[in-house]
Each structure stands twice: as structure tokens, then as C-alpha cells.
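A.B. asks: Task: produce atomic coordinates for the following.
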Amino acid sequence: MSKKIESDFGKGFVYSLMLFAKHWGLAQGYLKTWREMRKKNPDLFSDEDALELFFNGASDHLYELEIPQQFKNKQIGRLAKEIQSKSLYWGHGFKKKPTDKQFQEIFEKFEKVARLIDKELGVKTIKAKWN
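C.D. replies: Residues are numbered from 1 along each chain as shown. Predicted coordinates for the structure are as follows:
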């Protein structure tokens, strides 16, 4: 049996979260584009549609998110699992579309995970004024 050396969307914990986060700037672009297109077609191109498109592409990186055993019963693991579940739901669930508030909440949780990982590693973080 051969060992899997590549994954379509990545596998890991920090690595998968990082790949997901790389899409964040795309959401801002989608929102800007959708708002421009909505001027000509007021009934089309909602902000929620743009955010769903973001989650559709970004959440693929969370399919193989592997939460380390030492984090599973800690806040890090719980937050990471919530980010994964909600992102996959909004990106691939096609039942409800994410609101801007929900989008912002995911990234606040994402930032919290990053700071908690630093804390586990013994690194003291200082919250960024410009984040």
C-alpha cells in the first residue's frame, strides 16, 4: 500500500487553517464585485451570495483538517471544529447563506485559535491594532 503524499486541498491542522485563511482577501473582492453588479441587477448578487462563494472555495481546505489529540478537548479544538463545521455548511450545505456578521465571527474565532496556539507554544501575543 502506498502512502498518500498529496491531498487536493491539504491535510493538517495549522497548514489547513492557513490555506483556508489565504482566501480571506477574496471575500472582500467578491463583495465589492457583487455590489457593483447589483447596481445593474438589484435582485441579484447579494452579499450573502458573495460570502457563500468565498466559503465554497475556502472551506475545501478544511475537509482534511486534523485536530491534534492534545487540542481536541480544549478551546483550540472546539473552535477549530466549529470553524470547520460552519464553513463547510455555508460553502457546501446550500441551505442557508452566511451573513456578514457570521463571516466576521468565523474570523474572530480563527484569530482566537491562532492566539491560543501561540499560548500553547509559550509565545505571548499582543493583539494587533490593525488586524
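
A.B. asks: So for this protein, the centremost residue is which one?
C.D. replies: Geometric centre of the chain, nearest residue: Phe20, 5.1 Å, by C-alpha atoms, centre = their mean.

A.B. asks: May I have the phi/psi pair for Gln70?
C.D. replies: phi -70, psi -10 (degrees, to the nearest 10).

A.B. asks: ok, now how distant is it from Lys86?
C.D. replies: 23 Å (C-beta to C-beta, to the nearest Å). The C-beta positions use only the backbone N, C-alpha and C, and glycine is treated the same way.

A.B. asks: helix or strand for Ala80, which one?
C.D. replies: helix 75-92 (DSSP states H and E).

A.B. asks: residue boundaries of the helices in this structure?
C.D. replies: 14-21, 24-40, 47-58, 75-92, 100-120 (DSSP state H).

A.B. asks: next one: phi and psi at Leu44?
C.D. replies: phi -120, psi 170.

A.B. asks: tally of neighbours for the nearest residue to it once chain neighbours are set aside?
C.D. replies: With C-beta to C-beta, 6 or more residues apart in numbering as the criterion, Leu44 has its nearest non-adjacent residue at 6.6 Å, and that residue is Arg38. By other C-beta atoms under 10 Å, 16 other residues sit near Arg38.
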